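>>> Got a predicted structure plus its sequence, pasted below:
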Amino acid sequence: KIGWILVGASTVAREWMVDAIRQQGDAEVLAVVSRDAARGAAFAAQFGIGASYTDLDAALAHPGADAVYISTTNELHMAQTLQAAGAGKHVLCEKPLALNLDDARRMVDGCVEAGVVLGINHHLRNAASHGKVRELIRAGEIGQPLYCRVLHANNLPQHLRGWRLDAPESGGVTLDMFVHDVDTLRFLLDSEPRHVTACATSGGMTVAGLEEGLMAVIEFDNGTLVQVHDAFNAPHSLSGVEIIGSKGTIFATGVMTQRPVGSITLTRDGGSIDIPVEHENLYVRSVRAFQRAMRGEGQPAATGDDGMRALATALAAQQASRSHQRVTLAG
Ligand code: NDP
């Protein structure tokens with residue numbers, strides 16, 4: 001069995017990842033690491049995990065440990081990834097990969113040097129819905145993609161209204177949600193973001209200066225113009241992705257979510273049809289792909305390079321919204 005160490009007694013681990021690991025059949029959660037001994041012990045007790053640690057090195061030495069899942073707050077991802085890689089453990093890290101590109105590069109390089117797999121938990125590319133949309137685009141069903149709209153404005157749940165709203169290193173909605181949009185768009189369009197223009201709001205729900213709402217336009221290499229809307233403070237907003245091509249339009253409704261839900265409509269000359277989707281838990285798929293990569297079978301669903309590109313585009317959007325300038329990404 002693949003032995004996992006959870007680094008971070010976090011909400012995402014609690015709500016999704018313990019279960020996703022256990023659903024693999026050939027994996028087990030050996031231990032959880034928390035800075036707070038009581039929180040770690042309570043987490044371990046809640047999920048029947050055999051050990052909890054406050055010291056990462058001690059956890060990495062736990063017998064049978066093969067992989068770590070890092071879901072601490074963003075500023076910790078870099079050091080913990082390098083520490084785990086240094087101990088020869090494969091790393092599935094949460095997004096955003098890091099707070100800046102130099103750190104992200106160190107993480108990617110560090111894992112290569114250590115000979116371990118680095119995966120980023122950009123869950124949306126694991127959704128059967130997004131997989132289907134990608135398939136339709138690649139099959140030419142809408143012709144050349146010209147425009148795309150991403151609706152990803154949410155009401156940040158009450159229990160997540162902590163560091164996201166007041167810690168500068170959280171990066172606000174841009175590093176929290178927009179990174180996911182970029183990863184999903186790269187996956188759907190098979191193209192790279194080139195220029196970003198953005199406007200943001202802050203100071204309502206977040207501390208002043210930390211973005212809570214973002215509207216961005218991304219120009220992709222293949223010419224597709226993409227409009228993205230993310231928010232923490234938009235109750236009752238619908239989620240979705242619309243891709244408008246030269247021959248048709250795909251509208252995927254309710255798909256910018258952690259849950260395996262949503263529907264897809266394809267509209268062309270002659271009318272609209274519903275496209276069936278066989279939904280499956282996104283996080284189960286993410287862990288499955290990661291474990292396959294550990295065994296030398298392919299890549300994690302999102303690689304370190306994917307994480308870096310999502311981060312680069314998010315930092316560009318942050319710069320664009322703060323400077324009111326269009327920002328061009330390096331090739
Ligand atoms: P949480 O705030 O729940 O957890 C982050 C850290 O905060 C934990 O590691 C824990 O530290 C500490 N913590 C947890 N509960 C408490 C508490 N009650 N009081 C004080 N500290 C606490 O964050 P999320 O789970 O929302 O996010 C964690 C990471 O995962 C982030 O990087 C985020 O961007 C990412 N994420 C990814 C998602 C995805 O779908 N891919 C979804 C949600 C988040 P300690 O470990 O020391 O106990």
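Sure, I can see it. Residues are numbered from 1 along each chain as shown.

>>> partner residues bridging residue 91?
For residue 91, the beta-bridge partners are residue 68, residue 118 (DSSP bridges).

>>> Look at it and say how many residues are nearby.
Using other CB atoms under 10 Å, residue 91 has 28 neighbouring residues. Where you see a C-beta, it was placed from the backbone N, CA and C, and this is true even at glycine.

>>> repeat for residue 94
Residue crowding around residue 94 was assessed by other CB under 10 Å; the count is 24.

>>> got a list of what it touches?
Contact partners of residue 94, counting by CB atoms under 8 Å, 6 or more residues apart in numbering, are 8, 12, 70, 71, 72, 74, 77, 120, 121.

>>> can I assume the first one is in contact with residue 35?
In this case it means residue 8. No. Judged on CB atoms under 8 Å, residue 8 makes no contact with residue 35 at a distance of 9.0 Å.

>>> Up against the ligand, what does this structure have?
For the chain, the residues found near the ligand under the criterion CB under 6 Å from any ligand atom are 8-12, 34-36, 39, 71-74, 94-95, 121, 123, 160, 162, 176, 258.

>>> Among these, the buried ones, what's the PyMOL command?
Those of the residues of the chain next to the ligand that count as buried under 16 or more other CB atoms under 10 Å are selected in PyMOL with:
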select buried, resi 8+9+10+12+34+71+72+74+94+95+121+123+176
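
>>> Buried ones in stretch 56-74, by neighbour count?
Counting neighbours by 16+ other CB under 10 Å, stretch 56-74 gives 56, 59, 60, 65, 66, 67, 68, 69, 70, 71, 72, 74 as buried.

>>> Mark which of these are part of strands, please.
Judged by DSSP state E, these include 65, 66, 67, 68, 69, 70 as members of strands.

>>> How about the contacts made by the first one?
Same thing as residue 65. In this structure, residue 65 makes contact with 3, 4, 5, 30, 31, 59, 89, judged by CB under 8 Å, 6+ apart.

>>> ok, what's across the strand from the third one?
Taking DSSP bridges, one obtains residue 31, residue 68 as the residues bridged to residue 5.

>>> and it, how many neighbours?
By the other CB under 10 Å criterion, the neighbourhood of residue 5 contains 27 residues.

>>> show me the contacts for it.
Applying CB under 8 Å, 6+ apart, we find residue 5 in contact with 30-33, 59-60, 62, 65, 67-69, 84, 89.

>>> how near is it to residue 84?
If you measure residue 5 against residue 84 using CB to CB, to the nearest Å, the figure is 8 Å.

>>> joint contacts of these two?
Both residue 5 and residue 84 are in contact with 60, 68, where contact means CB under 8 Å, 6+ apart.

>>> Spell out the secondary structure type for the closest residue to residue 241 other than its chain neighbours.
Distances taken as CB to CB, 6 or more residues apart in numbering place residue 252 nearest to residue 241, at 4.8 Å, with adjacent residues excluded. Reducing the assignment at residue 252 to three states with DSSP: H, G, I helix; E, B strand; the rest coil gives strand.

>>> what's around residue 159, how many residues?
Neighbours around residue 159, by other CB under 10 Å: 8.

>>> Confirm it sits in a helix?
Yes. Secondary structure of residue 159 (three-state DSSP): part of a helix.

>>> got a list of what it touches?
Per CB under 8 Å, 6+ apart, neighbours of residue 159: residue 11.

>>> Which single residue of the stretch 201-331 of the chain approaches the ligand most closely?
Distances from the stretch 201-331 of the chain to the ligand, computed as CB to the nearest ligand atom, single out residue 258 as the nearest residue at 5.3 Å.

>>> wait, doesn't that residue sit right on residue 123?
Yes. Shown here, residue 258 and residue 123 form a contact pair, counting by CB under 8 Å, at 6.3 Å.

>>> okay, and the common contacts of those two?
282, 283.

>>> Could you give the number of residues near the nearest residue to residue 175 once chain neighbours are set aside?
Computed as CB to CB, 6+ apart, the closest residue to residue 175 that is not its neighbour in sequence is residue 96, at 4.5 Å. Summarising burial for residue 96: neighbours were counted as other CB under 10 Å, giving 27.

>>> Quick check: the gap between residue 96 and residue 317.
Taking CB to CB as the criterion, residue 96 is separated from residue 317 by 12 Å.

>>> With residue 163 instead?
As judged by CB to CB, residue 163 and residue 317 stand 20 Å apart.

>>> Between these two, tell me which one has more neighbours.
Under the criterion of other CB under 10 Å, the comparison of residue 163 against residue 317 puts residue 317 first, with 32 against 13.

>>> Test my guess that that one contacts residue 177.
No. Under the criterion of CB under 8 Å, residue 317 is not in contact with residue 177, lying 10.9 Å apart.

>>> hey, what's in contact with both of the two?
Residues within reach of residue 317 and of residue 177 at once, by CB under 8 Å, 6+ apart, are residue 214.

>>> Thanks a lot, catch you later.
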